[in-house]
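Asks: quick check, what structure comes out for this input:
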Amino acid sequence: MTPRRFRFLPCSIRAVALIAIVVCGGMQERACGQVDFKSLTKIGNPFKRQGGDLQETANAPTGPGGLCILPSGEYVISCHQFFNPRFRVLKFTKKGEWVPFPSEVMNTPGSGANVILDSVLGIACDPRGIVWMLDNGRRTDVTPKLVAWDTKRNELHKVITLDSQALSPRSFLKNLVLDPVAPYIYITDPADGISSAIIVVNTQTSLARRVLQGHSSTQKEPNIQLQLDGRSIIVRRPDGGLANPLTGVSPIAIDRKGEWLYYGPRDSSSLFKIKADLLRRNDLPASSLESQVKGVSPKPICDSIAIDSKGRIYFGDISRGTIDYVSPDEEYLNLRLHIEDPRIVWPGGLLIGSDGNLHFFANQLHRTPFFNGGKDITAPPFPILKGKPLPSGRFLSLP
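Replies: Model (predicted):
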């Protein structure tokens, strides 16, 4: 498939995406500035690649919220709480069976287990085979926590209870990323879309801090509204008011050297980055930290992103049902199409596996009872998919 620019985006989103090109300024080391429409340029598509087929590697029994891959190659998914699943986390075994992870008792309230999983979304596996599960506690309003399970020893590694000072009254902890060079975890908290923030957790001391709360890089953009299946995706509260949940900061990734943390709101047209070592410092005032946020690229409405070894950033485009990307070859200025397939319905869980492939799932989140007045209109299965990232070599095609 020949990648192309996003001329097929709806006008409102396309306009905002163009603004993002100016605001973010590609790889330039500067904070976001004012929009200058005179600097907008139309860049053609000189690249062509040879793409592989998108493979369906598994079908989840419920909609996934997060995805990781064990050193053994087995999938582990968190089961999104909007589906009201029986189990919170599942593993897809080599026998092709889905089983509770790490055990059934830890997935069963009232089982008597020392640690009970309530509502896990963010999930990641480190090189040692330790799976970190982010339990936001919103299913039964228990205290949020990080639960780490050692898959090689088959035992509990650590539990970190997140201090209330790192949370807000409307916290809804979503995604996490593991720092590859320091004992830190970074968590996105979209909250109500306004009090959104990033939570920085020291896994050695178990101390957690809330940073960038309310900063423009973590807040939803007011003019962006997710639409799927021909309608706006909103929730009507019991008081009759409309809510727009999980629209704040959501996708998050870190480069392989642990230098830059990349993130952005779900409902926004811009991706941002900040030096990871700045987030680890306790002595920086909020204003100093905020001044170090850099604009990176335009982005679609998305929940998850992944970075390959060449620095190319992939997005799970929720509104279009595609996988998109930006590349340093183009200074991250152009949002381009990578994979398009009718099975991609609300993509998430993007990651580059040890096999070099791009793995993700499609969970139809907008069709859950949460968004449909208590009615489940999902159409299983919920596929886990595998595709090829962009090739290392890029070749110019003839005009």
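Asks: got the end-to-end distance for stretch 348-364?
Replies: Stretch 348-364 has an end-to-end distance of 10 Å (Cα to Cα, to the nearest Å).
Asks: buried residues in that stretch?
Replies: Neighbour counts over stretch 348-364 (16 or more other Cβ atoms under 10 Å) mark 348-352, 357-364 as buried. Glycine gets a C-beta too; all of them are placed from N, C-alpha and C.
Asks: of all the residues you listed, which two lie farthest apart?
Replies: 352 and 364 (23.8 Å; Cβ to Cβ).
Asks: sec struct for the residue nearest to the spatial centre of the chain, please.
Replies: Centroid-nearest residue in the chain: residue 304, 2.5 Å away (criterion: Cα atoms, centre = their mean). Three-state assignment for residue 304 (DSSP: H, G, I helix; E, B strand; the rest coil): strand.
Asks: how about the contacts made by it?
Replies: 175, 250-251, 315-316, 347-350, 360 (Cβ atoms under 8 Å, 6 or more residues apart in numbering).
Asks: one more time with 10 Å
Replies: When contacts are counted by Cβ atoms under 10 Å, 6 or more residues apart in numbering, residue 304 touches 66-67, 174-175, 250-253, 266, 314-316, 318, 347-351, 360-361.
Asks: which one of the buried residues of stretch 348-364 is nearest to residue 140?
Replies: So of the buried residues of stretch 348-364, ranked by how close each gets to residue 140 (Cβ to Cβ), first place is residue 363, at 21.8 Å.
Asks: okay, now the nearest residue to that closest one once chain neighbours are set aside: neighbour count?
Replies: Excluding the flanking residues, the one nearest residue 363 by Cβ to Cβ, 6 or more residues apart in numbering is residue 63, at 3.7 Å. For residue 63, the neighbour count with other Cβ atoms under 10 Å is 24.
Asks: which residues touch residue 63?
Replies: 77, 79-83, 85, 346, 348, 361-365, 367-368, 378, 380, 382.
Asks: what's the answer for residue 77, then?
Replies: Counting by Cβ under 10 Å, 6+ apart, residue 77 makes contact with 58, 60-68, 89-92, 98, 101, 120, 123, 349, 361, 363, 382, 384.
Asks: let's see 6 Å
Replies: Residues near residue 77 by Cβ atoms under 6 Å, 6 or more residues apart in numbering: 60, 64, 67, 90.
Asks: closest to residue 220 out of these?
Replies: Closest approach between the contacts of residue 77 and residue 220, by Cβ to Cβ: residue 64, at 23.0 Å.
Asks: who's the closest residue to the closest one other than its chain neighbours bridged to?
Replies: In space, residue 64 comes closest to residue 77 once its chain neighbours are excluded; the distance is 4.1 Å by Cβ to Cβ, 6+ apart. Taking DSSP bridges as the rule, residue 77 bridges to residue 67, residue 90.
Asks: quick one: residue 77 from residue 143, how far?
Replies: Here the criterion is Cβ to Cβ, to the nearest Å. By it, residue 77 lies 23 Å from residue 143.
Asks: again with residue 69
Replies: 29 Å.
Asks: who has more neighbours out of those two?
Replies: Applying other Cβ under 10 Å to residue 69 and residue 143 shows that residue 69 carries more neighbours, namely 19 against 12.
Asks: now do the residue nearest to that one when sequence neighbours are not counted, the pLDDT please.
Replies: Leaving out its chain neighbours, the residue that sits closest to residue 69 by Cβ to Cβ, 6+ apart is residue 353, at 5.1 Å. On pLDDT, residue 353 comes in at 97.
Asks: which two among the contacts of residue 77 are spaced furthest apart?
Replies: Across the contacts of residue 77, the longest distance by Cβ to Cβ is 10.7 Å; it joins 67 and 90.
Asks: how about the helices in the stretch 1-150 of the chain?
Replies: Remark: helices assigned in the stretch 1-150 of the chain by DSSP state H, counting those that start in this stretch are 11-24.
Asks: pLDDT weak spots in it?
Replies: Counting by pLDDT under 70, the ranges of the stretch 1-150 of the chain that qualify are 1-52.
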